[in-house]
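Colleague: coords please:
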Amino acid sequence: MTRVLVVGGGISGITAALKSAQAGYDVTLIESRPYLGGRAYSYWDSSQEEWIDNCQHIIMGCCREITDLLKELDVYEKIKWYDKYRFLYDSKQISELASSILPAPFHLIPAFFNNQYYGTKDKIQLCRSIAKLWLTETVFIEPKQIISAEEWLLKAGQSECLMNGFWHPLIVSAFNTPANEVPWTALKQSIELAFLGNKDGYRLGVFTNSLNEIFHQAAMRKLTEHNVHVLLNTSINTVHWDELAKVRGLISKNQEMFYSDVYISCLPNMRSAVLFNSHKQRCFKPSPIMSLHLWVKDEITQEDCLCLPGRKIHWMFNKNKQYDRSLKTNQYLTFVISAADDLMDKTNLEIQKLLLPEISEIFPKLENTQIEAVRILREPGATFRFNISSSQKRPYTYMGGNVLFAGDYTDTDWPGTMEGSVISGINAVEILKSLWKP
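Modeller: Sure, this is the predicted structure:
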């Protein structure tokens with residue numbers, strides 16, 4: 001039986017290990033940390049007595065592969081789907097994005113025209129720009145020229161109101177990269193998948209359990225069922241090459257040697273490139289996400305989740321509405337800032353002084369209740385920077401020898417998302433099956 005060693009237990013590694021085992025390979029999965037899930041992890045906060053996710057992870061209806069993986073892990077029922085979600089503008093106006101009785105791709109048009117924040121001209125321009133993204137390949141640009149999403153939208157006549165109220169929050173949330181860096185072709189693909197392809201592509205899914213339960217506990221159970229040998233707390237330091245430039249074995253931090261016939265690297269971009277000495281694998285700039293977790297004595301909002309255009313904070317998620325917190329008397333909210341480069345070097349106190357007044361402006365009831373706890377979590381390498389340069393130079397899954405590469409940074413056509421991670425793992429196993437029999 002062909003041996004496969006998967007290095008890295010994030011979402012791409014879980015996918016690669018599970019799919020390889022299902023295909024009949026002898027699979028070992030090595031992870032340096034004491035849990036699976038990679039960047040989708042939780043930690044136990046003893047003072048609050050509950051799990052805290054490192055960041056709010058969401059799924060959209062167009063993300064078919066991650067939803068299929070969650071079904072395989074028997075945790076699909078732990079997703080709460082929203083058929084409509086709400087935008088709270090700086091003017092305190094609220095609008096909803098929800099499907100209508102119209103068929104795709106027209107199902108969201110009534111939602112756009114019912115939005116009271118935009119004037120009639122803006123509503124028409126918004127629908128026109130979405131139609132142009134869908135129907136054309138090279139509007140406003142030379143056929144071989146790649147421009148940013150922001151430049152494309154401005155050339156399409158999008159007003160400052162539309163840019164700040166719709167496009168900027170949409171793009172930074174989807175790509176974890178500002179609109180002036182994201183290629184317009186990626187925006188086109190995202191609009192087609194999420195808003196136009198079918199009536200449920202735009203839906204928002206959030207987990208009702210901690211990421212620890214979803215991507216560690218559930219994955220461990222399923223991998224064990226398929227006879228995958230999982231080694232946690234095992235860090236690989238060195239690769240042992242043979243004279244034919246194939247990997248002969250991997251050496252751990254504790255000087256233990258691991259041999260295999262095929263190796264699938266599911267490590268983060270830079271770590272993978274350095275460990276496997278891959279000159280063909282470009283190292284991309286990381287893009288950070290920050291989350292502020294807030295516990296208050298009394299309820300300050302009944303909203304499940306809110307998109308917050310025109311602010312430093314991009315999203316609010318109400319854990320009381322998403323988790324089972326029936327034994328808790330306080331309210332737990334998470335606030336998310338994508339592409340948070342300008343906040344990463346600030347102290348926790350500086351961040352609180354910057355963001356808590358904004359939260360108070362959004363939810364005035366905060367002024368009349370007690371803040372019980374604040375946690376600020378930084379994820380410096382939450383995703384790779386999905387800009388024009390990186391989108392054109394993403395590494396292939398297979399570049400020779402007996403090593404395959406998987407991870408959201410590989411050539412999946414998706415940005416740095418859970419969906420991209422799963423697809424990368426699937427791609428690696430498809431190439432594995434084509435080159436090595438079980």
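
Colleague: beta partners for Tyr263?
Modeller: Beta bridges link Tyr263 to Leu5, Val403, judged by DSSP bridges.

Colleague: Averaged pLDDT, stretch 389-409. What do you get?
Modeller: Throughout stretch 389-409, pLDDT has a mean value of 90.

Colleague: buried stuff in it?
Modeller: Neighbour-count burial for stretch 389-409 flags 390-391, 394-395, 397-398, 401-409 (criterion: 16 or more other C-beta atoms under 10 Å). For every residue, glycine as well, the C-beta is placed using N, CA and C.

Colleague: Pull the most distant pair out of these.
Modeller: Using C-beta to C-beta, those span at most 28.4 Å, a distance reached by Ser391 and Asn402.

Colleague: Can you show me the strands along the stretch 51-200 of the chain?
Modeller: 58-60, 79-82, 84-88, 94-98 (DSSP state E, counting those that start in this stretch).

Colleague: what's the closest of the ones you listed to Pro288?
Modeller: strand 58-60 (17.1 Å).

Colleague: quick revisit: I'd like to know which of the buried residues of stretch 389-409 are part of helices.
Modeller: Ser390, Ser391 (DSSP state H).

Colleague: can you list the strands of the stretch 51-200 of the chain in CSV and add mean neighbour count, distance to Ile264 and mean pLDDT?
Modeller: Converted to CSV, the strands of the stretch 51-200 of the chain look like this (neighbours: other C-beta atoms under 10 Å; distance: least, C-beta to C-beta, whole Å; pLDDT from 0 to 100):
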stretch, mean neighbour count, distance to Ile264, mean pLDDT
strand 58-60, 19, 24, 96
strand 79-82, 16, 27, 96
strand 84-88, 17, 36, 93
strand 94-98, 17, 38, 94
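
Colleague: nearest to Lys199, of the ones you listed?
Modeller: Counting by C-beta to C-beta, and looking across all of these, nearest comes strand 94-98 at 10.5 Å.

Colleague: Pull up the pairing partners for that closest one, direction included.
Modeller: strand 84-88 (antiparallel).

Colleague: which intervals of the stretch 201-350 of the chain have sub-threshold pLDDT?
Modeller: Low-confidence segments of the stretch 201-350 of the chain (pLDDT under 70): 278-281.

Colleague: what about the strands in it?
Modeller: Under DSSP E, counting those that start in this stretch, the stretch 201-350 of the chain gives strands at 204-207, 229-231, 236-241, 247-252, 257-258, 262-265, 286-296, 305-307, 315-318, 331-338.

Colleague: Give me the distance between the two termini of stretch 52-72.
Modeller: 24 Å (C-alpha to C-alpha, to the nearest Å).

Colleague: that older thread, can you tell me which of the strands of the stretch 201-350 of the chain is nearest to Gly425?
Modeller: strand 262-265 (8.1 Å).

Colleague: Switch the strands of the stretch 51-200 of the chain over to CSV; also include distance to Cys161.
Modeller: Formatted as CSV, those follow (distance: least, C-beta to C-beta, whole Å):
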stretch, distance to Cys161
strand 58-60, 25
strand 79-82, 25
strand 84-88, 13
strand 94-98, 12
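
Colleague: Select, out of those strands, the one closest to Leu306.
Modeller: Here strand 84-88 is closest among the strands of the stretch 51-200 of the chain (C-beta to C-beta), at 4.9 Å.

Colleague: Extract the CA atoms of that closest one and return them as CSV.
Modeller: Extracted in CSV, the C-alpha atoms of strand 84-88 (Å, rounded to 0.1, in the frame of the first residue of the first chain):
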residue,chain,number,x,y,z
LYS,A,84,-31.0,37.6,4.8
TYR,A,85,-28.4,39.7,6.4
ARG,A,86,-28.4,43.3,7.4
PHE,A,87,-26.3,46.4,6.8
LEU,A,88,-26.2,49.2,9.4
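
Colleague: which outside residues touch that strand?
Modeller: By C-beta atoms under 8 Å, 6 or more residues apart in numbering, the residues outside strand 84-88 that reach it are 94-99, 115, 117, 165, 169, 204, 303, 305-309, 362.

Colleague: Drop anything exposed from those residues.
Modeller: 95, 97-99, 115, 117, 165, 169, 204, 303, 305-309, 362.

Colleague: still on that earlier bit, now flag whichever of the buried residues of stretch 389-409 is closest to Leu275.
Modeller: The nearest one, if we look at those relative to Leu275 and count by C-beta to C-beta, is Val403, at 10.0 Å.

Colleague: wouldn't that closest one be in contact with Val247 here?
Modeller: Yes - if you go by C-beta atoms under 8 Å, Val403 and Val247 touch, sitting 5.6 Å apart.

Colleague: can you list residues touching both of those two?
Modeller: Common neighbours of Val403 and Val247, counting by C-beta under 8 Å, 6+ apart, are Tyr263, Phe276.

Colleague: Which of the residues in the host helix or strand of Gly13 are classified as buried?
Modeller: In this assignment (DSSP states H and E), Gly13 forms part of helix 11-22. Neighbour-count burial for helix 11-22 flags Ile11, Ser12, Gly13, Ile14, Thr15, Ala16, Ala17, Leu18, Lys19, Ser20, Ala21 (criterion: 16+ other C-beta under 10 Å).

Colleague: Next: stretch 224-235.
Modeller: For stretch 224-235, by 16+ other C-beta under 10 Å, it's Val228, Val230, Thr234.

Colleague: for stretch 345-355, same thing?
Modeller: Lys346, Ile351, Gln352, Leu355.

Colleague: Kindly report the same for stretch 179-186.
Modeller: Neighbour-count burial for stretch 179-186 [16+ other C-beta under 10 Å]: Ala179, Glu181, Val182, Pro183, Trp184, Thr185, Ala186.

Colleague: domain parsing for this structure?
Modeller: Listed domain ranges for the chain are 3-45+209-284+387-435, 94-202, 286-384 (source: automatic domain parsing).

Colleague: I'd assumed Gln56 was in contact with Ser42.
Modeller: No - when contacts are counted by C-beta under 8 Å, Ser42 is not listed as touching Gln56 (11.5 Å).

Colleague: between the domains of the chain, which one is nearest to Leu70?
Modeller: Closest to Leu70 of these is domain 3-45+209-284+387-435 (C-beta to C-beta; 7.4 Å).

Colleague: what distance separates the start and the end of the closest one?
Modeller: In domain 3-45+209-284+387-435, first residue to last residue: 13 Å (C-alpha to C-alpha).
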